[in-house]
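Peer 1: sequence plus predicted model, see below.
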Amino acid sequence: GNSVTQMEGPVTLSEEAFLTINCTYTATGYPSLFWYVQYPGEGLQLLLKATKADDKGSNKGFEATYRKETTSFHLEKGSVQVSDSAVYFCALTLINYGGSQGNLIFGKGTKLSVKP
Amino acid sequence: DGGITQSPKYLFRKEGQNVTLSCEQNLNHDAMYWYRQDPGQGLRLIYYSQIVNDFQKGDIAEGYSVSREKKESFPLTVTSAQKNPTAFYLCASSIDRVTDTQYFGPGTRLTVL
C-alpha cells in the first residue's frame, strides 16, 4: 500500500541550529510529495512540494529533494528560528490517469520546538 | 481575500446529537476534502468531492455524511453513529482533480460532551 513514515518527535533545537526531519514513503505509482506546516490551533499550510524525482522544493529557507532511489523527501533548514516552532507533516498524493486519486496520505507529524 | 473558511472554530455538542460543520471556499476550486486529525495520528480522509453533486468516501467515512450542492460549499455532518467524534476537522480544496496541491482551512475543533 501507500504510506508515509516520518521521524517521531518532538524535536527540540536551539535557535540557528540546522534542522533535518526525515521522511520516507512507499507508493505504488508516481507520487507527488509535500511538506505541510501546522502552527498551534491552526490549519495546515503548504510549505513546499516536488512532483517528480530529483525535484527540489523550497520555501522560507526550507528545502526538500525528491529522492526516488531512496524513496525519501527529507526536510532541511540551515538555521531555524523560534517562529519555526510548529508541527511538520510529510505527505504524498498519487497522480494516475485522469488526475489525482484525491487522497493526500500523511505521515503522523513531527513537532519542532525551537528555543531562543 | 480568497481562501477557505470553516465555522465555527470550536463546537461543543452532547453525545447522540448530529452536528454539521461548515466549509466554504471562494477559490473557484472544483475539488474539496474533509480530514480528521487526532493527536499523534496525522490526518485521515473522511470524504472528498471532485465536482458538484458528486462525492466519494475516504478512509474513515463511517458515521459521517456530506453534500455538495454548490461548488463553494462542502458541509460535513457528524452523526450520532460516529463512535468517537471528538477531534479536529480540516477542510481542504484543490483546483481540480489534475492539480494535486490541496489548500486547507483553519479547522473546527469538535468536542462531544
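Peer 2: That came through, no problem. Numbers count the residues shown, from 1 in each chain, chains lettered A, B, ... in the order given.
Peer 1: all contacts plus neighbour counts: C-alpha atoms, from now on.
Peer 2: OK.
Peer 1: what is the burial count for residue A:69?
Peer 2: Residue A:69 is flanked by 8 other residues according to other Cα atoms under 10 Å in any protein chain shown.
Peer 1: helix, strand or coil for it?
Peer 2: coil (DSSP: H, G, I helix; E, B strand; the rest coil).
Peer 1: and the pLDDT for it?
Peer 2: Predicted confidence (pLDDT) for residue A:69: 94.
Peer 1: check residue A:26 too.
Peer 2: 94.
Peer 1: right, and it touches residue A:71 too?
Peer 2: Yes - the pair residue A:26 and residue A:71 qualifies as a contact (Cα atoms under 8 Å) at a distance of 7.1 Å.
Peer 1: mind checking which helix or strand the residue most central in space within chain B is in?
Peer 2: The centroid of chain B falls nearest to residue B:34 when counting by Cα atoms, centre = their mean (3.0 Å). Assigned by DSSP states H and E, residue B:34 falls within strand B:31-37.
Peer 1: continuing past that strand, what's the next helix or strand?
Peer 2: strand B:43-51.
Peer 1: tell me how many other residues surround the nearest residue to residue A:36 once chain neighbours are set aside.
Peer 2: Take residue A:36 and drop its neighbours on the chain: the residue closest to it by Cα to Cα, 6 or more residues apart in numbering or on different chains is residue A:46, 4.5 Å away. Applying other Cα under 10 Å, we find 16 other residues in the vicinity of residue A:46.
Peer 1: looking at chain A, which helix or strand is least sure?
Peer 2: strand A:99-100 (a mean of 48; mean pLDDT, DSSP states H and E).
Peer 1: which other helices and strands contact the very next helix or strand once past it?
Peer 2: Downstream of strand A:99-100, the first helix or strand assigned by DSSP H and E is strand A:105-106. In terms of contacts (3 or more Cα pairs under 8 Å, 6 or more residues apart in numbering or on different chains; DSSP states H and E), strand A:105-106 is packed against strand A:3-6, strand A:86-96, strand B:43-51.
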